[in-house]
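# Could you work out the structure for the sequence below:
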Amino acid sequence: MICFKGNQLGSHLEFENQGNILYDLGHTERLDGILFCGAFISHLISPQQKKDFCDRYQLPVVSIGQALDGIPSLLVDNAKGIQEAMAHLIEIHNRRRIVYLKGPEGEMHGEQRCAGYRQNLQEYGIALDPRWIVPMPGEAAMEWTQRCQLSTYRLLDETGLQPGRDYDAILAYNDEVALQGLGILLERTHKTNRAVILWVCKSRDLTGRGRNDQRTAR
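The predicted structure follows:
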């Protein structure tokens, strides 16, 4: 197995596009198939552009995380992942004021997880405070790590929510948002010392195996 660690396809950042020259190395007789991690590298381009990207290799392709026409795909069950995360927070840790750090507007997995978050609050009889859903700030052209950090900065600096009083848990839409947010929260211990902050990032593939599972509690 050979891993070509490129960047986001269609990125507006010049240095990311330069790194994508690695994908050209896939045109080699040494390969007999390709695993396309489209959920991680292609949310900036259209479905047709994704399919065109895969078709250019003229090799058997399996898409991981996104369904593409004419290409076998391994999908994740975002609804099940959110259901398990919410059940863990509510039933095990008795958290009922849960902030959700949402992904980019329109990003498939983020939208599905946000819908699952809303549905599970309703199923547990928890009234949603609209401020609990914190959209990811920034433009698509912004570096990804910075956008993930801005989600937590928005929660702390712009929503007016106070930890402990207005929320007692944070659910991040993916592991990168959780990791970046945890670092910021640790830097601001004096502002969050009344709250127990628990991150749960978990999705499941359709075989039932857990993916992107990380929990950090304070």
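# got the contact list for the residue of the chain most remote from its centre?
In terms of distance from the mean C-alpha position of the chain, E29 ranks first, at 34.0 Å (CA atoms, centre = their mean). With contact set as CB atoms under 8 Å, 6 or more residues apart in numbering, E29 has no partners. Placement of C-beta: from N, CA and C, glycine included.
# What distance do you get for R154 to E176?
16 Å (CB to CB, to the nearest Å).
# Y153 now?
15 Å.
# out of R154 and E176, which sits in the more crowded spot?
Shown here are R154 and E176; by other CB atoms under 10 Å, E176 has more neighbours (19 against 16).
# So for the more buried one, what's the pLDDT?
With respect to pLDDT, E176 scores 84.
# Please apply the same query to C114.
92.
# same thing with Q149?
91.
# what helix or strand is the residue lying closest to it once chain neighbours are set aside on?
In space, Q149 comes closest to Q180 once its chain neighbours are excluded; the distance is 4.6 Å by CB to CB, 6 or more residues apart in numbering. Assigned by DSSP states H and E, Q180 belongs to helix 175-187.
# Against which helices or strands is that helix packed?
The helices and strands touching helix 175-187, judged by 3 or more CB pairs under 8 Å, 6 or more residues apart in numbering; DSSP states H and E, are strand 98-101, helix 144-158, strand 169-172, strand 198-205, strand 210-217.
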